[in-house]
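Asks: Predicted model and sequence below, questions to follow.
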Amino acid sequence: MGAELYFEDVRVGNPLPELVKGPVTEVQLVKYAGASGDFNPIHTVHQIAEKAGLGGVIAHGMLIMGFVAQGITRWVPNRCLRTFKVRFAGITRPGDVITVSGRVTDKRTEGGQNLIACEVTAKNQKGETKITGEFQAALPSRGNR
Amino acid sequence: MAKVGYEFAPHSFTIERGKIKEFVNAIGDDHAVHTDRDAAKAAGYRDVIAPPTYLTVMDNWSGPDFEDRCRELEIDPLKVLHAEQAYEYLADIYPGDELTETSKVTEVSEKEGKTGRLLFIVMEKSYKRKNETVAICRTTTVVRN
């Protein structure tokens, strides 16, 4: 972790430090199923995923959202996060290497909070988008440390 | 078929440090604020903090499981995918917190997709610690034809 991130240091257009995750493995999907309690068998049982027309097991969307969250909280402290939303734009499969990136789209002071808004994406090694999303965070100001 | 206004029975869950550790391990998020109390305190938290997507654990482990949820919503489990997830964070969540979750269906809509008719179900979930709402979540599920 670097030094504390202050509102004054953030500019619209600033990139989020990139985070590369993976490759996603089938074992990871089993671990995530157990940890999260999401036992939808399309994530762990090949025959069922085939029967569902998915051509094999697919990652939990929430696992990939977890990757994005990791990318965000490496830069913005967890406690500063106010909103975080994603759209699951594509299916992630075992073998996919996921890169989380993003950039600052807005900053403003509202209701006494110093807010930044950022867009985020998760893409695989082929550049296929798996998640698009955005988050808002309230940052400390150098003025009232 | 899922109906707007349908409410799931409220359920409760106690946040545990071991379960947080299992969850971040599955994601591969090695940020020490989630697993090491001293590191968390040094970063200004009162204990290890639950990561941004952690409440999915409560959804799945204390509420109806995936199969039950599909049964209650009268949807085919093989046809279900996760479309969107949106969190609003109102307070930090720590081990020992006893949370109660309420959830209800707020929107049901149909769209014509590339592969046929798609049914979208939006659920809103609210998480309370005593009378304080600590987070709100909107989940959109898509049911393929």
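Replies: Arrived safely.
Asks: and the next element down the chain from the longest strand anywhere in chain A?
Replies: For chain A, the strand with the greatest residue count under DSSP state E is strand A:98-110. Per DSSP states H and E, strand A:98-110 leads on to strand A:113-123 as the next helix or strand towards the C-terminus.
Asks: mind listing the strands in chain A by residue range?
Replies: Listed from the start of the chain, chain A has strands (DSSP E) covering A:19-21, A:81-88, A:98-110, A:113-123, A:129-138.
Asks: ditto for chain B
Replies: B:7-14, B:80-89, B:98-113, B:116-129, B:132-144.
Asks: got the domain boundaries for chain A?
Replies: Domain ranges of chain A: A:7-23+A:60-144, A:25-58, per automatic domain parsing.
Asks: closest one to residue B:23 among these?
Replies: Ranking the domains of chain A by their distance to residue B:23 (criterion: C-beta to C-beta) puts domain A:25-58 first, at 4.5 Å. Any C-beta I mention is one placed from the backbone N, CA and C, and that applies to glycine too.
Asks: The closest one vs chain B: in contact?
Replies: Yes. Contact between domain A:25-58 and chain B is present through A:28, A:31-32, A:34-40, A:42, A:48, A:51-53 (criterion: C-beta under 8 Å from any C-beta of the partner chain).
Asks: Name the residue closest to the centre of the chain, please.
Replies: Assuming you mean chain A. Closest to where the C-alpha atoms of chain A average out (C-alpha atoms, centre = their mean) is residue A:68, at 1.3 Å.
Asks: Hmm, no, I was thinking of chain B.
Replies: Closest residue to the average C-alpha location of chain B: residue B:56 at 3.1 Å, with C-alpha atoms, centre = their mean.
Asks: number of nearby residues for residue A:94?
Replies: A total of 16 residues lie near residue A:94 under the criterion other C-beta atoms under 10 Å in any protein chain shown.
Asks: So residue A:62 is in contact with residue B:82, correct?
Replies: Yes. Between residue A:62 and residue B:82 there is a contact at 7.0 Å, judged by C-beta atoms under 8 Å.
Asks: give the contact list for residue 108.
Replies: Using chain A. The neighbourhood of residue A:108, defined by C-beta atoms under 8 Å, 6 or more residues apart in numbering or on different chains, consists of residue A:115.
Asks: Chain B, not that one
Replies: B:1-4, B:119-122.
Asks: Now a ChimeraX select for only the buried ones of these.
Replies: Selecting in ChimeraX just the buried members of the contacts of residue B:108, where the criterion is 16 or more other C-beta atoms under 10 Å in any protein chain shown, is done with this command:
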select /B:2,119,120,121,122
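Asks: Skipping adjacent residues, who's closest to residue B:134 in space?
Replies: Of all residues not flanking residue B:134 in the chain, residue B:91 sits nearest, at 4.2 Å (C-beta to C-beta, 6 or more residues apart in numbering or on different chains).
Asks: Residue B:27 reaches residue A:63, doesn't it?
Replies: Yes. Taking C-beta under 8 Å as the definition, residue B:27 is a contact partner of residue A:63 at 6.5 Å.
Asks: intersection of neighbour lists for those two?
Replies: When C-beta under 8 Å, 6+ apart defines a contact, the residues bordering residue B:27 and residue A:63 alike are residue A:32.
Asks: per-residue pLDDT, the closest residue to residue B:116 other than its chain neighbours?
Replies: Distances taken as C-beta to C-beta, 6+ apart place residue B:145 nearest to residue B:116, at 3.8 Å, with adjacent residues excluded. According to the per-residue confidence, residue B:145 scores 81 in pLDDT.
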